[in-house]
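Asks: What would the 3D arrangement of this be:
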Amino acid sequence: VWNKSARKLVGYTPEEVMGKNLVQEFITKEYRAAVSAVLDKALRGKETANFEFPLITKNGVRIEVLLNATTRRDEQGNVIGVVGIGQDITARLAQEREYSKLIDTANAPIFGVDTLGRVNVWNKCAMRLIGYNTEEVMGRSLVQEFITDDFKTAVQAVLDQALAGDETENFEFPLITKGGARIEVLLNATTRRDEQGNVIGVVGIGQDITARMAQEREYS
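Replies: Residues are numbered from 1 along each chain as shown. Model prediction:
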């Protein structure tokens, strides 16, 4: 099977691909084993969703594909092959890399959580301010592990609101650094969405206002 969209994307006509070995002739070497494993599983009836791999077009351009591999059966239910439904995510991945680069080099602490509140963005400025490196925070619960007890409920409410599409500006709360110091942070919580507009998490852009608040208390 090789439809018009596959032809347009990859550049080969049906006549050029029919009967040829998909993995050996059209998949990059470093992904051949992984793609073969996905196809083998589908041939055993175990389908795979959202598998990312590269394809090389007829013109030699590398494109990134998101694949759903579905078992193909005949009328009697016997497995006769695999059908792959793909999506070209090359532009999306390039955009995500650019987005990550902008976040990482920003002159403000930026963190992000997924829909379960687990850290999935932690830029260099956040690392410098709070003291934890990326490996120490990724996948951990932001609220339960990095927010002081007296502010856990409030911070969780801000994240929940952003996950519901209601963003928050200028929310003040304390963070405890790796070294045990308490710092005051001013936060803007923004809803993060995928290309289809589905909410996939929250990005928080912070500002260290510890010195400013100390100055204000001194002034008062």
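
Asks: all contacts plus neighbour counts: C-alpha atoms, from now on.
Replies: Noted.

Asks: so what's the spatially most central residue of the chain scoring on pLDDT?
Replies: When the chain is reduced to its mean C-alpha position, the closest residue under Cα atoms, centre = their mean turns out to be N120, at 7.6 Å. For N120, the pLDDT comes out at 94.

Asks: Look up how far Q196 lies from it.
Replies: 20 Å (Cα to Cα, to the nearest Å).

Asks: ok, which stretches of the chain are helices?
Replies: For the chain, the helices defined by DSSP state H cover 4-10, 14-17, 22-26, 32-43, 90-105, 124-130, 134-137, 142-146, 152-163, 210-219.

Asks: Output the first one as PDB, nothing but the C-alphas.
Replies: Output of helix 4-10 as PDB, limited to C-alpha atoms (Å, rounded to 0.1, in the frame of the first residue of the first chain):
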ATOM      1  CA  LYS A   4      -1.000   9.600  -3.000                       C
ATOM      2  CA  SER A   5      -0.100  11.400   0.200                       C
ATOM      3  CA  ALA A   6       2.900   9.100   0.800                       C
ATOM      4  CA  ARG A   7       3.900   9.700  -2.800                       C
ATOM      5  CA  LYS A   8       3.700  13.400  -2.400                       C
ATOM      6  CA  LEU A   9       5.600  13.400   0.900                       C
ATOM      7  CA  VAL A  10       8.400  10.900   0.100                       C
END
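
Asks: Can you list the buried residues in that helix?
Replies: For helix 4-10, the neighbour count (16 or more other Cα atoms under 10 Å) marks A6, R7, V10 as buried.

Asks: one step back: between the helices of the chain, which gets nearest to A181?
Replies: Nearest to A181, of all these, is helix 124-130, at 8.9 Å by Cα to Cα.
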